[in-house]
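In: Turn this into a structure:
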Amino acid sequence: FMNLPKEVLTTAMKVHQKYFSIIDDKNNLVPKFLFVSNTIPEKERDKSIIEGNERVLKARLSDADFFWRTDISIKIENFNEKLKNVLFYEGLGSLHEKTIRLSTVSKYFSSLFKVDISLAREACILSKFDLVSEMVGEFPELQGIMGGYYTKLDRTPNEVSKAIFDQYKPKGISNDMPKTKLGCMLSMIDNIDNLTGFFIINKKPSGSKDPFALRRTGFSIVQILMKLKLNISINDLFTEALNSYKNSSKIIKLDLVDFIIDKVKFILKKQSFRDDIIESVFSLKESKNYLFPILYERLNCLNDIKDTNDFKIFLVNFKRLNNIIKSNKLSDISNVTVNPHLFESSEEEKIYDKSQNLDINLKKYLTDLEYQGIILKEVIKLNDVIHSFFEKIIVNHEDKKIKINRIKLLMELTERILKFSNFHYIEN
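Out: Alright, predicted model coming up:
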């Protein structure tokens, strides 16, 4: 039986018979197995027990050998044709329709993953045929794996076979990732299709109930998003899939985005990012629209300086700044612009100049990956001018025009600082 794929042999032994398969020092499977018998040793009886277990395993592997020979005698196109009559799930079409959706979505994602578009489409079209094979019918644990083997025998491009083989990785927060970018792409768009479809028919997880393991599906998507640092926003993850389902519901898209953000936060906490640092970035109104590497780099920048003295001083200054804005919310200030001619001191001029410079740099570089650390340093350098302003300037000036001008000056600065991070979330 050693001509069978090792996964077939180990699955037959482990899952069906509770036997241990054995490998050599080069990680190759050897034609032996172990089992445990809870009895007192007795030579004749032990011999009989061993022979009995060998007979049982031989019968099981004979079945597997038959399934293998049957499957490889059938054309892959015939398997794919059968998918038209297999329901993916009620309301979500057949498995064949699912492969068509994946193929459609792959046009966008092949560019994102930088893989060949024709190979991406072929991997999608061939991704589910093994679900109607004899082998997977008997050993469901081998889905994807058998597709990889069968396509390889059919002389399908090696990259496609590897992608099909790995399409069900990673399983949740497991680190067992697909070995190729094409495999990662197939895994991600398959999971996105699953998640999108079940959200459309309102089969979302609730409380402890998650019958379709959608939380694990979400973690699988996030693992690939984070490991490959894909240049996509969380908001755009589901656009193509929703289009493939011909669904334009903004509510469903928002639910999907929030669901994935929740999984991103969970994994970030596992990576030792503090809750308050995570919230300071993900609570930004535009966070869903930022490319993911920008968010991740911003978190890293904040994480790197969170314990420095300059950052702690900045948080004190910022909270003072923020408190003044909150306590001076005036209805007649929204349409006011800062008037430099009303300045009475150099402190006002300095904070105005710094605020203007920050505004220019934010417009240029806020969404530039290379400039996240530089922008944060510029924000922290505001310490001196903010401190000096509060030491020497009275905001509540008796002249209402000057008072409003100063409040507006501080408000503009605060709004610009908050474009990088909601710093008031961060604990000092």
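In: Let me see the residues that make contact with the top strand by length along the chain.
Out: When every strand of the chain is counted residue by residue (DSSP state E), the longest turns out to be strand 29-34. Residues from elsewhere that reach strand 29-34 (Cβ atoms under 8 Å, 6 or more residues apart in numbering): 1-2, 6, 9-10, 13, 19-24, 57. From N, CA and C alone the C-beta is placed, and that goes for glycine too.
In: By average pLDDT, which secondary structure element in this protein comes out worst?
Out: Ranked by mean pLDDT, DSSP states H and E, the weakest helix or strand in the chain is strand 29-34, scoring a mean of 79.
In: List the pairing partners of it within its sheet, with orientation.
Out: Next to strand 29-34 in the sheet, as set by DSSP bridges, lie strand 20-23 (antiparallel).
In: and the partner strand, what's its mean pLDDT?
Out: Strand 20-23 carries an average pLDDT of 81.
In: related to what we said a few turns ago, list the buried ones in the longest strand of the chain?
Out: Residues of strand 29-34 classed as buried by neighbour count (16 or more other Cβ atoms under 10 Å): 29, 33.
In: And for the residue lying closest to Lys84 once chain neighbours are set aside, the neighbour number?
Out: Among residues not flanking Lys84 along the chain, His96 sits closest, at 4.3 Å (Cβ to Cβ, 6 or more residues apart in numbering). As a burial measure, His96 scores 19 neighbours (other Cβ atoms under 10 Å).
In: pLDDT score assigned to the spatially most central residue of the chain?
Out: For the chain, the residue lying nearest the average C-alpha position, counting by Cα atoms, centre = their mean, turns out to be Val222 (1.4 Å). For Val222, the pLDDT comes out at 97.
In: still on that earlier bit, list the helices and strands the one helix or strand the residue nearest to Lys84 maps to packs on?
Out: If you go by DSSP states H and E, His96 is part of helix 95-113. Helix 95-113 is packed against helix 117-125, helix 181-200, helix 239-244, with contacts defined by 3 or more Cβ pairs under 8 Å, 6 or more residues apart in numbering; DSSP states H and E.
In: How far away from the center of its chain is whatever helix or strand comes next after the shortest one?
Out: Right, the one you point to is helix 239-244. Sequence-wise, the next helix or strand downstream of helix 239-244 (DSSP H and E) is helix 250-270. Relative to its chain's centre, helix 250-270 lies at 9 Å (Cα atoms, centre = their mean, to the nearest Å).
In: Next, the buried residues of the following helix or strand past helix 250-270.
Out: Next along the chain after helix 250-270, taking DSSP H and E as the criterion, comes helix 275-282. Neighbour counts using 16+ other Cβ under 10 Å place 276-278, 280-282 of helix 275-282 among the buried residues.
In: List of residues touching helix 275-282?
Out: Counting by Cβ under 8 Å, 6+ apart, 261, 264-265, 268-269, 287, 295, 298-299, 302-303, 306, 421-423, 425-427 sit against helix 275-282.
In: Just the ones in helices from those, please.
Out: Among the contacts of helix 275-282, DSSP state H puts 261, 264-265, 268-269, 295, 298-299, 302-303 in helices.
In: Show me which of those are buried.
Out: Buried among the ones in helices among the contacts of helix 275-282 (16+ other Cβ under 10 Å): 261, 264-265, 268, 295, 298-299, 302-303.
In: Tell me the one among the residues you listed nearest to Glu415.
Out: Arg298 (17.5 Å; Cβ to Cβ).
In: and the closest one, how far is that from Glu97?
Out: 40 Å (Cβ to Cβ, to the nearest Å).
In: now Ser106
Out: Separation of Ser106 from Glu97 (Cβ to Cβ) stands at 15 Å.
In: And those two? Which one has more around it.
Out: Between Ser106 and Glu97, counted using other Cβ under 10 Å, Ser106 has the larger neighbour count: 27 against 15.
In: and the residue nearest to the centre of the chain, what does it touch?
Out: Counting by Cβ under 8 Å, 6+ apart, Val222 makes contact with 260, 263-264, 267.
In: Now do stretch 131-138, average pLDDT.
Out: Stretch 131-138 comes out with an average pLDDT of 96.
In: List the contacts of stretch 366-385.
Out: So stretch 366-385 is contacted by 290-291, 293-294, 297-298, 301-302, 304-305, 310-311, 313-314, 317, 347, 350-351, 354, 357-358, 361-362, 364-365, 413, 417, 419-420 (Cβ under 8 Å, 6+ apart).
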